[in-house]
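> I would like to see how this sequence folds:
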Amino acid sequence: MPEITKSVKFDNIAREWRCKWSADNDKASLNAAQQALEDVLADLSSVEGVNSVQRVVCGGCLDFKVVTKLTAAGFGEWEKAKFAPEEEFLAKLKGIKGIQAVETQTYTLEEVKMNKKDIKKAQEKKEKEAPKAEEKPAEDPAKKLKKVLKEGGKRGVEIEGAADMGGLQFFCTSVDEPEGDVDLLKKCVEAMNAKSDPNEEERKGGSGHIGKMVFSAGAEQLAVLAYVPEEKQPELVCEEWLEKVLSTQPGHKILSKAKDYCTGTIATNADKGVFPLKIREGLILEANNFLRKKGLFPEDDGDDDDECVFGDDDFPS
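Model prediction:
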């Protein structure tokens with residue numbers, strides 16, 4: 001197979017005849033060029049080795065082109081015959097009023113469209129060779145835990161204050177740092193429940209006497225933890241509370257059960273429109289409504305100042 005470079009090889013050569021036509025007189029020159037082609041088309045199509053004869057007409061740049069494609073061997077023989085009927089055709093074009101820039105050009109012309117089998121191979125190769133997206137380096141576990149505990153400790157003080165002002169026994173909210181990790185969420189809630197040290201410059205925790213349901217959204221799931229302190233367990237079953245809330249969404253799981261702490265998750269499901277951030281606030285409402293039915297949460301009297309549904313926006317960062 002002839003080649004121009006090692007990667008650019010060819011089996012076919014094309015001879016192009018071209019000119020510019022005029023739109024004057026209702027495109028008379030274009031009609032005349034077409035007639036000139038038809039006059040030589042039988043002879044051109046009969047040339048040994050011809051694979052195709054194509055006509056190109058552009059109404060924008062006013063091109064008229066005839067492209068004759070031959071095998072490399074056939075082209076050599078045609079070249080010896082001076083590309084007949086080229087001379088006849090070009091002479092006719094030059095005699096047409098409105099026709100300009102009559103030219104010829106020779107180039108290789110190859111069909112490079114892939115079949116379905118080759119397309120599949122090329123796509124598989126591309127996928128294998130494609131550079132993998134740079135993964136975000138995992139955060140140092142110790143630093144991550146420190147952030148989780150700090151958020152939990154701070155949120156615990158806020159919950160204690162909000163509960164004292166509103167007379168709340170239970171509190172439903174969300175946290176950010178665990179990012180959907182159930183183990184980190186439990187650490188965060190434990191920090192909320194830790195006893196406050198009055199000698200510390202910045203108080204932390206202090207809300208262990210308040211029952212809670214805490215939500216943490218991640219990319220793959222929404223982590224949920226229910227906490228019921230010992231003195232409130234006769235009034236509320238921790239597992240029952242969590243199950244009621246999670247059961248409102250598909251793809252939920254109960255991961256751990258105890259009288260004080262229960263955990264579960266709801267998996268992200270794009271097909272069903274389940275996204276952790278999207279469903280989180282609705283589940284906080286669901287958790288509060290369950291408490292209301294048991295008489296463990298203040299009834300909504302319609303006064304916005306007494307609103308008791310809490311999410312991230314209810315606490316300053």
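> for the helix or strand of the chain with the lowest mean pLDDT, buried residues please.
Of all helical and strand segments in the chain, the minimum by mean pLDDT, DSSP states H and E falls on helix 116-129, at a mean of 89. Residues of helix 116-129 include none that count as buried (16 or more other C-beta atoms under 10 Å). Quick note: C-beta positions are derived from backbone N, CA and C, even for glycine.
> chain center to it, what's the gap?
Distance, stretch centre to chain centre, for helix 116-129: 21 Å (C-alpha atoms, centre = their mean, to the nearest Å).
> which secondary structure elements does the very next helix or strand once past it contact?
Using DSSP states H and E, the helix or strand that follows helix 116-129 in sequence is helix 141-166. Packed against helix 141-166 by the contact rule (3 or more C-beta pairs under 8 Å, 6 or more residues apart in numbering; DSSP states H and E) you find strand 170-174, helix 182-193.
> the last one vs strand 170-174, what angle?
Using axes from the mean of the first three to the mean of the last three C-alpha atoms, to 10 degrees, the interaxial angle of helix 182-193 with respect to strand 170-174 works out to 130 degrees.
> could you give the average pLDDT over the next helix or strand after helix 182-193?
For helix 182-193, the following helix or strand on the C-terminal side (DSSP H and E) is strand 211-217. For strand 211-217, mean pLDDT is 97.
> just stretch 94-111 next, same as before
Per-residue pLDDT over stretch 94-111 has a mean of 96.
> if we can go back for a sec, what does the least confident helix or strand of the chain rub up against?
Residues from elsewhere that reach helix 116-129, judged by C-beta atoms under 8 Å, 6 or more residues apart in numbering: residue 114.
> ok, which of the helices and strands packed on helix 141-166 comes nearest residue 5?
helix 182-193 (58.1 Å; C-beta to C-beta).
> ok, the residue minimising distance to the centre of the chain to residue 278 distance?
Among the residues of the chain, the one closest to the centroid is residue 270, at 11.7 Å (C-alpha atoms, centre = their mean). As for residue 270, its distance to residue 278 is 11 Å (criterion: C-beta to C-beta, to the nearest Å).
> what helix or strand is residue 54 on?
Taking DSSP H and E as the definition, residue 54 sits inside strand 50-58.
> in that strand, what's buried?
Going by neighbour count (16+ other C-beta under 10 Å), the buried part of strand 50-58 is 50, 53.
> strand partners (parallel or antiparallel) of it?
Strand 50-58 has its sheet partners listed here by DSSP bridges as strand 63-71 (antiparallel).
> buried residues in the strand it pairs with, which are they?
Buried positions in strand 63-71, judged by neighbour count with 16+ other C-beta under 10 Å: 64, 66, 67, 68, 69, 70, 71.
> how far does that strand sit from the chain's center?
On C-alpha atoms, centre = their mean, the centre of strand 63-71 falls 44 Å from the chain's centre.
> kindly report the same for stretch 177-196.
Centroid separation for stretch 177-196 versus its chain: 32 Å, with C-alpha atoms, centre = their mean.
> would you work out how far apart the start and end of it are?
21 Å (C-alpha to C-alpha, to the nearest Å).
> mean confidence for it?
The average pLDDT within stretch 177-196 is 96.
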